[in-house]
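quick check, what structure comes out for this input:
(2 chains)
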Amino acid sequence: MSATGEQQTKHNAPCSNQDFDFFYSGLEGQQLLAQKCGGCGKLRNPPSPMCGDCGSLDWAAVKLSGKGSIYSYMVHYHPPLPGFDTPHPVVLVELEEGIRMLGGLRPEQRDAVAIGKAVDIEYIRRNDVALFQFALTGEAR
Amino acid sequence: MSDLGGKTAIAGIGATEFSKNSGRSELQLAVEAVSAALADAGIEPREVDGLVTFTMDNNIEVEVARGIGAGDLAFFSRPHYGGGGGSGGVLHAALAVAAGVSDVCVVYRAMNERSQYRFGQPMGGALPPTSEYTGLTYHGLHGVTTAAAYIALGMRRYMHETGATELDFANLAVNSRGFAATNPAAFFYGKPITVEDHLASRMIADPFRLLDCCQESDGAVAVVVVSAERAKSLKQKPAIIRAASQSAPAGQMNLTSYYRDNIAPYDEVAFSARQLYAMARMTPADISMANIYDHFAPTILPSLEGLGFCARGEAKDFIKGGTIGIDGRLPLNTNGGQVGEAYIHGMNGIAEAVRQIRGTAVNQVKDVANIIVTSGSAVPTSGLILGAA
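Next up, the predicted model:
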């Protein structure tokens, strides 16, 4: 993949464009991707067309482990959230690769959420959009 | 640092009533508030040659101008980023006036944000894939779609790092609702709350409870900016614009600053403070009181730290013991803030600062010299220091 936009853009995520298509397309294949700068090798998230460190427009999408630990979280209670049952937990995860990634938390684990806990990724579909959520590891499933 | 500080002043303020159902158009609210501000200043509408509002405001400048009978408009400008923009609008007006582009520039915000549409609802639907909405959707697909939810993530981390609890959050809400209770213009006039009321209020976006959240309001506020020299000869005691900032520090994102070292709504406020103190040639010791933006009252804690009134992590202790009460070291949000008076994107906090400098506030603080005013945090923000002449 490259910044020239030759990658597959087959996904159903709304409100995407050439900067984000690689990410949602990756999820269709159950791959969590991030951009690795072709100039300086730095990983970046969220997607951006240019590396803020070295200015390079070259990048490649690399697969992330999906494993990490909870850096922060919130639980949405109100108002009703179309497409979700509430209360709905969301976690900000510090991934093993050293970048952060936001995602939902497996809803059944809401009461066990805490900063510092280990999580792993689960690939899901929501309203026919390929997505992911995190699940606490070492907790009852 | 620029020498903008001290060259301009707020010479007039105006507002409508604050309600949940104004019963009239947003444009009518706008022209009522702008006209009231001009009358307050003693300036004829025909003299208005500059108008500034927010990108989110629905009232186009030329219709406001037509309504009030303005003169030829030579300057119009709109800061973006919702409530982050309020003080920034005053900066734009001050720049225009100091540069001689505009002589009388009015900053306004008017909205039927409760009766006509609702803020704080999940963002979604058919959004165009612009750089603004692709970024919000990237997070929104996981269920982070309200301002409360976006900011809750930063504040949960803040609690983890500082030991602040929801009891500390309650103290802030109680302080603001106490000031609102004695402010007849406040929607929650006569309705103070207790810590127990706060802790019993329903969860909105954990860790935010209902009584942490600002209101949804109908209403309008306008302020008139002229040169400090001109202000001397007008009706009211001027509120000199000692400093004004727009502030998006490196790494700042629009509600989603989850990827920088400190994800609390702190960096943007701290940057604004550095700009303001430098422009005004002041330190926190020179500040008599503060009107700090409270979309969610708990964010006042990192704001107090960013503004330099206490060290990182110490705001929860700083606010105890009457520090932020009317006779304290730093009276805070004396109009009742946006949780108590009204949510007019922070413009009502600017108007309150002007009243305090004039000595006409209902919750008047003694011996006010300089006031710091902030705008929305967790988004690109802005700020002001207003002072007596």
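
tell me where the model's unsure across the chain.
Looking at chain A here, since you left the chain open. A:1-9, A:139-141 (pLDDT under 70).

that was the other one, I meant chain B.
Using pLDDT under 70, chain B drops low at B:1-2.

where do the helices sit along it?
Secondary structure of chain B (DSSP state H): helices at B:26-41, B:61-68, B:86-98, B:131-140, B:147-162, B:166-181, B:195-200, B:228-231, B:267-280, B:300-306, B:315-318, B:337-340, B:347-358.

can you list those in a markdown table and add mean neighbour count?
For glycine as for every other residue, the C-beta is placed from the backbone atoms N, C-alpha and C. Output for the helices of chain B, formatted as a markdown table (neighbours: other Cβ atoms under 10 Å in any protein chain shown):
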| stretch | mean neighbour count |
| --- | --- |
| helix B:26-41 | 23 |
| helix B:61-68 | 18 |
| helix B:86-98 | 27 |
| helix B:131-140 | 20 |
| helix B:147-162 | 24 |
| helix B:166-181 | 23 |
| helix B:195-200 | 15 |
| helix B:228-231 | 18 |
| helix B:267-280 | 23 |
| helix B:300-306 | 28 |
| helix B:315-318 | 20 |
| helix B:337-340 | 29 |
| helix B:347-358 | 26 |
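
show me which residues of the stretch 151-300 of chain B sit near chain A.
Counting by Cβ under 8 Å from any Cβ of the partner chain, the stretch 151-300 of chain B comes close to chain A at B:152-154, B:156-157, B:160, B:202-207, B:256, B:258-259, B:263.

of all those, which two lie farthest apart?
Largest separation among those by Cβ to Cβ: B:202 and B:259, giving 30.9 Å.

higher neighbour count, these two?
Taking residue B:202 and residue B:259 together and counting by other Cβ atoms under 10 Å in any protein chain shown, residue B:259 has the greater number of neighbours (16 against 9).

residues touching the residue of the stretch 201-350 of chain B found nearest chain A, list them.
Chain A sits closest to residue B:206 of the stretch 201-350 of chain B, with a gap of 3.9 Å, by Cβ to the nearest Cβ. Applying Cβ atoms under 8 Å, 6 or more residues apart in numbering or on different chains to residue B:206 gives the contacts A:74, A:75, A:76, A:77, A:87, B:152, B:156.

cool, residue A:10 as well?
Contact partners of residue A:10, counting by Cβ under 8 Å, 6+ apart, are A:25, A:28.

ok, 10 Å please
Applying Cβ atoms under 10 Å, 6 or more residues apart in numbering or on different chains to residue A:10 gives the contacts A:21, A:24, A:25, A:28, A:29, A:130.

before we move on, what about residue B:335?
B:176, B:179-180, B:183, B:185-186, B:291, B:341-342, B:348-349, B:351-353, B:355-356, B:361-363.

got it, and residue B:322?
Per Cβ under 10 Å, 6+ apart, neighbours of residue B:322: B:175, B:328, B:329, B:331.

try 8 Å this time
residue B:328.

any figure for the gap between it and residue A:75?
33 Å (Cβ to Cβ, to the nearest Å).

residue contacts, the residue most central in space within chain B?
With distances taken as Cα atoms, centre = their mean, the residue of chain B nearest its centroid is residue B:346 (2.5 Å). Residues near residue B:346 by Cβ under 8 Å, 6+ apart: B:83, B:86, B:87, B:293, B:338, B:373, B:374, B:375, B:376.

recalculate using a threshold of 6 Å.
B:83, B:86, B:293, B:375 (Cβ atoms under 6 Å, 6 or more residues apart in numbering or on different chains).

quick one: which of these is nearest residue B:243?
Nearest to residue B:243, judged by Cβ to Cβ, of these is residue B:375 at 13.4 Å.

look up how far chain A lies from the closest one.
Distance of residue B:375 to chain A, given as Cβ to the nearest Cβ, to the nearest Å: 23 Å.

burial count for that residue?
When counting by other Cβ under 10 Å, one arrives at 35 neighbours for residue B:375.

contacts for stretch A:86-97, please.
Contacts for stretch A:86-97 (Cβ under 6 Å, 6+ apart): A:43, A:64-65, A:67-77, A:81, A:100-102, A:104-105, A:110, A:113, A:119, A:134, B:142-144, B:153, B:258.

please pick the buried ones from those residues.
Buried residues within those, counting neighbours by 16 or more other Cβ atoms under 10 Å in any protein chain shown: A:64, A:68, A:70-77, A:81, A:100-102, A:104-105, A:113, A:119, A:134, B:142-144, B:153, B:258.

on the three-state scheme, residue A:138 is what?
Classification of residue A:138 using DSSP: H, G, I helix; E, B strand; the rest coil returns coil.

stretch A:42-61: end-to-end distance?
12 Å (Cα to Cα, to the nearest Å).

quick one: it near chain B?
Yes. Stretch A:42-61 is in contact with chain B by Cβ under 6 Å from any Cβ of the partner chain, via residue A:46.

just the buried positions in that stretch, please.
For stretch A:42-61, a neighbour-count test (16+ other Cβ under 10 Å) marks A:42, A:44, A:45, A:46, A:47, A:50, A:51, A:59, A:61 as buried.
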